[in-house]
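Asker: structure for this input, please:
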Amino acid sequence: MNKLLITALLASLLAACSSTPTTDTGAPVETRTPTGSQITTVTAGNVDATGLPRELTDPKSILSQRVVYFDLDKYDIKDEYKDLVAAHARFLNANRQFKVLIQGHTDERGSREYNLSLGQKRADAVRKSMQLLGVKEEQIESVSLGKEKPAVEGHDEAAWSKNRRAHILYKGPTGTGEF
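Answerer: Numbers count the residues shown, from 1 in each chain. You can find the predicted model right below:
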């Protein structure tokens with residue numbers, strides 16, 4: 001009798017827990033494009049001599065800016081560079097045939113191992129931010145160069161601040177580009 005009662009109880013619990021599939025896809029998502037930063041799909045007519053689209057090389061375009069600077073011993077993207085990273089993410093989302101290599105750099109202070117690790121964290125921070133904005137994993141590679149390729153030679157804060165960076169390099173679908 002006890003087994004029958006337990007079986008009946010379990011059956012009624014399972015029936016109460018069953019559900020029917022719903023078509024609700026969750027909260028609606030708003031898509032916005034900031035004014036003045038329309039991203040177009042690349043065509044043969046808007047490519048320059050390097051094989052890159054003109055909007056990536058035109059000094060008037062935010063996409064011509066390819067460096068994200070970091071504070072000492074930090075790898076979080078500063079607010080002033082978030083729009084830049086977002087613009088590159090929009091470009092990559094609209095042009096899936098393009099790939100980027102993000103190189104993380106440090107200043108000369110610190111050991112080689114520390115700087116390689118910090119440079120990788122900086123490159124990964126930009127990569128992860130772009131991926132959160134929809135860029136496909138296969139479009140992005142991140143690597144650390146540590147202190148090996150300084151942008152500015154020097155042993156003062158002015159030089160060091162220019163060397164603490166992540167550099168975004170593009171490669172087009174035909175293999176042309178910066179890496």
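Asker: check contacts around residue 118.
Answerer: Counting by CB atoms under 8 Å, 6 or more residues apart in numbering, residue 118 touches 73, 75, 104, 106, 110, 144, 146. C-beta: built from backbone N, CA, C; applies to glycine.
Asker: do you know the pLDDT at the second one?
Answerer: Looking at residue 75, its pLDDT stands at 98.
Asker: any idea how many residues pack against it?
Answerer: Residues lying near residue 75 (other CB atoms under 10 Å) number 20.
Asker: next, give phi and psi for it.
Answerer: phi -140, psi 20 (degrees, to the nearest 10).
Asker: biggest helix in this protein, by residue count?
Answerer: Ordering each helix of the chain by length in residues (DSSP state H) puts helix 112-132 first.
Asker: next, the buried residues of it.
Answerer: Across helix 112-132, burial judged by 16 or more other CB atoms under 10 Å covers 115-127, 129-130.
Asker: how close does the residue positioned nearest the centre of the chain get to residue 99?
Answerer: By CA atoms, centre = their mean, the chain has its centre lying nearest to residue 130, at 2.3 Å. Going from residue 130 to residue 99 by CB to CB, to the nearest Å gives 12 Å.
Asker: do the same with residue 76
Answerer: 25 Å.
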